[in-house]
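[1] predicted structure and sequence below. I'll ask about it afterward.
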Amino acid sequence: SKMLIHLCAALMVGLVLFILAGYATGNDGTGNESCGTLTISTQRRVWAIGLHYFWLAALAWMVMEGLNLYAIIVIVLGLNLESRYKWYRIVAWGAPLVIVIVTIGAAGTSVYGNA
């Protein structure tokens, strides 16, 4: 279903970010702690923010899948599936974004690690 595609996409991006973060923020062996225009510390925080968002999005999609299953099995009303999917997409992609923005706004990027 469409919801499983969104869940798989969130999981896939989260896993790819996890793997790439290890390679992208590793020390290059020269003792140089900057890579490009961003320091390693800043890069790690950017990766951590991305990981935080996509793992929260995957969790939100699992919750939406559970709500959908509940609505299909328990609430056997002639509900419009397309309008529900629209709200599922808004909540599952939007709520994690709000959580990450509030986290950054309240505590800054220091909550994502020192190095």
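    Nice, I can see it.
[2] where does the prediction get shaky in this structure?
    25-38, 40, 75-82, 113-115 (pLDDT under 70).
[3] that one: strands as residue ranges?
    Along the chain, the segments classed as strands by DSSP state E run 34-35, 38-39.
[4] residue 59: what's it in contact with?
    Taking CB atoms under 8 Å, 6 or more residues apart in numbering as the criterion, residue 59 is in contact with residue 96. For the C-beta atoms, the positions are set from N, CA and C on the backbone; glycine is no exception.
[5] distance check, it against residue 6.
    12 Å (CB to CB, to the nearest Å).
[6] quick one: the helices in this structure, in order.
    Using DSSP state H, the helices of the chain run over residues 2-24, 40-73, 81-107.
[7] from those helices, which stretch is densest packed?
    helix 40-73 (a mean of 17; mean count of other CB atoms under 10 Å).
[8] so what's the residue most central in space within the chain up against?
    The residue lying closest to the centre of the chain (CA atoms, centre = their mean) is residue 54, at 1.3 Å. Residue 54 makes contact with 10-11, 13-14, 17, 96 under the criterion CB under 8 Å, 6+ apart.
[9] which residue is the nearest non-sequential neighbour of it?
    residue 14 (3.8 Å; CB to CB, 6 or more residues apart in numbering).
[10] quick check: residue 97 touching residue 53?
    Yes. Assessed by CB atoms under 8 Å, residue 97 is found in contact with residue 53 at 6.5 Å.
[11] so what's residue 51 up against?
    14, 17-18, 21.
[12] ok, residue 59 to residue 66 distance?
    Distance from residue 59 to residue 66, by CB to CB: 11 Å.
[13] on that earlier part again, export the contacts of residue 51 to JSON lines and tack on distance to residue 49?
    Conversion of those to JSON lines gives the following (distance: CB to CB, whole Å):
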{"residue": "14", "distance to residue 49": "12"}
{"residue": "17", "distance to residue 49": "10"}
{"residue": "18", "distance to residue 49": "13"}
{"residue": "21", "distance to residue 49": "11"}
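[14] I appreciate the help and will end here.
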